[in-house]
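Peer 1: Model the following, please.
(chains A, B, C and D)
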Number of protein chains: 4
Amino acid sequence: MRSFEVKNRTSTDDIKSLRLITAIKTPYLPDGRFDLEAYDALVNMQIEDGAEGVIVGGTTGEGQLMSWDEHIMLIGHTINCFGTSIKVIGNTGSNSTREAVHATEQGFAVGMHAALHINPYYGKTSLEGMVAHFKCVLPMGPTIFYNVPSRTGQDIPPPVIHSIAASPNFAGVKECVGHDRVETYTKTGITVWSGNDDECHDSRWDHGATGVISVTSNLVPGLMRELLSKGKNPSLNEKLLPLMKWLFCEPNPIGVNTALAQLGVIRPIFRLPYVPLPLAKRVEFVNIVNGIGREKFVGDKDVRVLEDDDFILVGRY
Amino acid sequence: MRSFEVKNRTSTDDIKSLRLITAIKTPYLPDGRFDLEAYDALVNMQIEDGAEGVIVGGTTGEGQLMSWDEHIMLIGHTINCFGTSIKVIGNTGSNSTREAVHATEQGFAVGMHAALHINPYYGKTSLEGMVAHFKCVLPMGPTIFYNVPSRTGQDIPPPVIHSIAASPNFAGVKECVGHDRVETYTKTGITVWSGNDDECHDSRWDHGATGVISVTSNLVPGLMRELLSKGKNPSLNEKLLPLMKWLFCEPNPIGVNTALAQLGVIRPIFRLPYVPLPLAKRVEFVNIVNGIGREKFVGDKDVRVLEDDDFILVGRY
Amino acid sequence: MRSFEVKNRTSTDDIKSLRLITAIKTPYLPDGRFDLEAYDALVNMQIEDGAEGVIVGGTTGEGQLMSWDEHIMLIGHTINCFGTSIKVIGNTGSNSTREAVHATEQGFAVGMHAALHINPYYGKTSLEGMVAHFKCVLPMGPTIFYNVPSRTGQDIPPPVIHSIAASPNFAGVKECVGHDRVETYTKTGITVWSGNDDECHDSRWDHGATGVISVTSNLVPGLMRELLSKGKNPSLNEKLLPLMKWLFCEPNPIGVNTALAQLGVIRPIFRLPYVPLPLAKRVEFVNIVNGIGREKFVGDKDVRVLEDDDFILVGRY
Amino acid sequence: MRSFEVKNRTSTDDIKSLRLITAIKTPYLPDGRFDLEAYDALVNMQIEDGAEGVIVGGTTGEGQLMSWDEHIMLIGHTINCFGTSIKVIGNTGSNSTREAVHATEQGFAVGMHAALHINPYYGKTSLEGMVAHFKCVLPMGPTIFYNVPSRTGQDIPPPVIHSIAASPNFAGVKECVGHDRVETYTKTGITVWSGNDDECHDSRWDHGATGVISVTSNLVPGLMRELLSKGKNPSLNEKLLPLMKWLFCEPNPIGVNTALAQLGVIRPIFRLPYVPLPLAKRVEFVNIVNGIGREKFVGDKDVRVLEDDDFILVGRY
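Peer 2: Got it, this is the predicted structure:
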């Protein structure tokens, strides 16, 4: 179902050169549908402050809570609005090969620049099955593979990556397993993005990573850009670590959802099973913002502590 | 779920000015999925030969045989590839208000220029229900309404159209009921596209219609362009009438599917319940092509009579 | 995907013997989901008053406004709860062969006794296409075919029916075209159910029809049973005609929805594009009920005239 | 959307008393659809050999590879065919609250006896989010909660279970974390099923577990029944451990799929990302069967070593 007409088709090398890719948050309306106006504003902030790519519908963007038609629509929308300003990487991965194949085909058909693929989480499979799964989707276009055993319950070991790395569509790995694993790849010329914000500075400057696929950059894209592109900067890294630690005190995207709501750039609406961080943590966030400087964060409203009643949690949508 | 970022947003007036809109055919691969390469070629032929708009997933494009995710994907794909060269009008209508609302919201989110809406066919409703249905979707963007009682089992009477025509998103009517009905609208300043190829010349030049939403232009876009835009031309109209009659000898898109396959621009694959025209009709088509001139038709392969065995009919896909 | 384990499998002959089949209404909760408690009560009333079959998700039951998963779930639910007391006929027809095949396969897998199939409405097709469509679904189990050109825009002519009637799964035709057509079939031994309540008495007693697939029986199942099973009864027929005329003053199921709400057996909730009958008609209904006798109608609450504000119309659900 | 009519409604206490529940395999046709005939045979073997419940569409049954309509259909089918002979527990869990709510509502509507729920895998959430997720589905009917951190990436800690255990619908926990965790629950009167076949004997006889939700019982239901119900039997346990170890040498259901195909009770068809065990392991299985005795296993064909070419792997279906 390939098309050779798709506009702004991106080469795998273009993808390999991206330093700051933001796993963009998906904001919601009170009935749980997407808040596209808020979404557009978030993406514009990323573009203005130097992010070079966005992951659409990643775990941060809560792809796992989308129907596939919502998911593909959001990829198509992002390409249509921002495809000439930023690389659009659709998370069309799934633990079901059928779904991954179908979504990836659709994502490339609507113009996404690259796909992000995960190994089959929860259901899991053998290494042979993992390779077979990846080989079903890799021919479709530039692809980043994502290894996050703390979510999937299963590591993608280096032999699996090496068995697919020769494909011209293989862009690299988003790796969460640590610096040693990063080096395993970077030493052999495989592009790596850190999947852990708190390790990305060192991965980038000491272990050969190209950049980061970041959650924190939803909040401070300019600082993350600086951290990744202007040489080693341990003091900036140090300054950001408390924010990063705060963001991941509960499973992501709980922290970033809470933060963006308190920054006034999204409505305080959560699709279940996500719920906001408790009050004490919300107070802590305001202090962190004030410590780093409100102007470094996205948006221009005052940061404020939201009350429990300010949040809307939606289970049916 | 509106976005103000969507690129190439088109004004209702832009839509009103289109003379030749092609209800574009959707071609298939042998397993029933879309053949996007063939589709891209078809759209490029339309652009080159002067069509100004395409209806994506109309009854000709077999929207009724698509899943909604296929349908929205195809709209997004068309916008991505061709949105700067031709107006993309998504048929996001449905006899279910829920589906029409959801699809139209998605279609505009991925960038379509206008929506085509039908009254609730088969299920039907009262005139109050029809108006309520249309008012749910009209706020979303430029909209053409489609009246084809021979398909829907129910006429959209002028009072319904008049009750919604004042909306800034109201672009006009695709009308199949005949010249008198066309004039009812054009006299009061409502834009009309003929929905009957065999009447479009007279509708355009004698009854105030702006243009046509055409099936025939899938085959001879250049001639249809000429028929609509270069002044009254009864001899050209006369020349095309046998082709038009042939095309509608069975419910559309049976004829156009058969024709495009014999012209070699699509594979001879039918999604059921459509089946090719019988051999005698297929022979007749080759004669018609030779009479008008092969070079007037899309594609550059020889036209040929396909055998029964050349066709693949798919029921599961 | 056939199963030989399905319980209560019904023979085609069992289906052929049914006289009163009710096209059962689907009631809703205020958010547009199914109101299963009200539904169960409606089905129980049918069983108690002598209906022998129900059509689940017909046009009366608003199958056209259901997602397929809702639709199959409702068939499965009905079989589970009532399958030993009444024949459950799922309307698994569609104008898309793919959808009809998939839904019919699923419907029989969850235990439905028979399928109701429609010719491809709106999209339409050739007679060869119609036969091909029907032949895809007929092998799956006992099947009733439904001819209603005023909805589909296309008649199923007798040759199409005759070409499939020899199948052991062919149960008969729900025919709306009139007495002559009914006789065409009944004379050749084909089972016919009238699809027009106002003609069913004469079809049954004068033209060989076996019974009716009825909308009116949602309201007065006992009287409809009497009309069909206790010999010619022109005075009862005469008595019911004003009710039938009222029910079809707008496209069905607008009337029956309004009526059941005023009888207090369902909540006054409409899925768009359906809207209630206007006040004057609602007053008329109460008079009709009082004329026939409240006790002849389903439910035991007082019949009352609902106000405009009593109704909830849902477009997203 | 509750119904009080659903037949064979089961009390939570009935669920609590089940000792042997089989996480039933879903077999496929060569095009990837369900093979219902083979499925029915598998369920019948379970009933005949003493299993008291089946999990439909669990991870073993590859619910993660089903569309939701397939999934609910299979639950409805199982209830229809076998609901009076065995308890049918639908795995209607999801990492998306919306999906879990919708599927659970539908599962109970088609008559399932109980639901199996998982904490939000992959996406994960906070403990507050986990409780909120569970509280959305628990009111719908008898529920078993499933804790398998090696798949979900997140433990359900005892405080979460205790916070929901007072609900009258709370049936118990399928626990994979080990004997200590099992005892934590059983000491306080909470029903536990072991989720690890190799630990179930000891969990049952030494740590208070009620029984097992088993994969191995797909192959040897009679022996598993004996292991769980006829008193401590370390020698039988010892005899079965090599089979269990073999079954889990790769992520389940790879082993059980391979085994059932070699026993001749299902076709050798895998939905990707699952692939068969390699030849050496397939030879090993035949030896294990011969060691235990072919007659103890389901089916009556000879067990045989399948060749690589015997297997069909399907990615689109």
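Peer 1: And the helices in chain A, which stretches?
Peer 2: In chain order, chain A shows helices spanning A:12-16, A:36-48, A:68-82, A:97-109, A:127-137, A:149-152, A:158-164, A:179-186, A:197-206, A:221-229, A:234-247, A:254-262, A:279-292, with DSSP state H as the criterion.
Peer 1: TSV please, covering those and showing mean neighbour count.
Peer 2: Any C-beta I mention is one placed from the backbone N, CA and C, and that applies to glycine too. TSV is the format used below for the helices of chain A (neighbours: other C-beta atoms under 10 Å in any protein chain shown):
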stretch	mean neighbour count
helix A:12-16	18
helix A:36-48	20
helix A:68-82	25
helix A:97-109	24
helix A:127-137	21
helix A:149-152	19
helix A:158-164	16
helix A:179-186	19
helix A:197-206	20
helix A:221-229	22
helix A:234-247	16
helix A:254-262	25
helix A:279-292	15
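Peer 1: what's the nearest residue to A:H77 if we skip its chain neighbours?
Peer 2: Beyond its immediate neighbours in the sequence, the residue positioned closest to A:H77 (C-beta to C-beta, 6 or more residues apart in numbering or on different chains) is B:A109, lying 4.7 Å away.
Peer 1: shouldn't that neighbour be in contact with A:T78?
Peer 2: No. Using C-beta atoms under 8 Å, B:A109 is not in contact with A:T78; the gap is 9.9 Å.
Peer 1: Between these two, which contacts overlap?
Peer 2: Listed contacts common to B:A109 and A:T78 are nil; contacts here mean C-beta atoms under 8 Å, 6 or more residues apart in numbering or on different chains.
Peer 1: Indicate the residue of the stretch 51-200 of chain A located nearest to chain C.
Peer 2: When you check the stretch 51-200 of chain A against chain C by C-beta to the nearest C-beta, the closest residue turns out to be A:S67, at 11.2 Å.
Peer 1: burial count for that residue?
Peer 2: Each residue near A:S67 was counted by other C-beta atoms under 10 Å in any protein chain shown, and the total is 13.
Peer 1: and it, how far is that from chain D?
Peer 2: Going from A:S67 to chain D by C-beta to the nearest C-beta, to the nearest Å gives 9 Å.
Peer 1: Ramachandran coordinates for that residue?
Peer 2: Backbone torsions of A:S67, given as degrees, to the nearest 10, read phi -70, psi 160.
Peer 1: Distance check, it against A:L247.
Peer 2: For A:S67, the distance to A:L247 equals 27 Å [C-beta to C-beta, to the nearest Å].
Peer 1: And A:E128, by the same measure?
Peer 2: In this structure, A:E128 and A:L247 are 36 Å apart, going by C-beta to C-beta.
Peer 1: One more: A:F285?
Peer 2: Look at A:F285 and A:L247: by C-beta to C-beta, they are 9 Å apart.
Peer 1: hey, what's in contact with both of the two?
Peer 2: Common neighbours of A:F285 and A:L247 (C-beta under 8 Å, 6+ apart) are A:A259.
Peer 1: can stretch A:195-204 be found next to chain D?
Peer 2: No. Applying C-beta under 8 Å from any C-beta of the partner chain, one finds stretch A:195-204 separated from chain D by no less than 13.9 Å.
Peer 1: try stretch A:34-49
Peer 2: No. Stretch A:34-49 does not reach chain D (C-beta under 8 Å from any C-beta); its nearest approach is 13.8 Å.
Peer 1: ok, residues contacting that stretch?
Peer 2: Around stretch A:34-49, the neighbours that count as contacts under C-beta under 8 Å, 6+ apart are A:22, A:24-29, A:54, A:70, A:74, A:77-78, A:81-82, A:85-86, A:217-218, A:221-222, A:225, A:260, A:265-267, A:269, A:298-299, B:1-5, B:109.
Peer 1: so how far is it from its chain's centroid?
Peer 2: Relative to its chain's centre, stretch A:34-49 lies at 14 Å (C-alpha atoms, centre = their mean, to the nearest Å).
Peer 1: could you give the mean pLDDT of it?
Peer 2: The pLDDT scores in stretch A:34-49 average 98.
Peer 1: Please apply the same query to stretch A:182-197.
Peer 2: Confidence over stretch A:182-197 (mean pLDDT, whole number) is 98.
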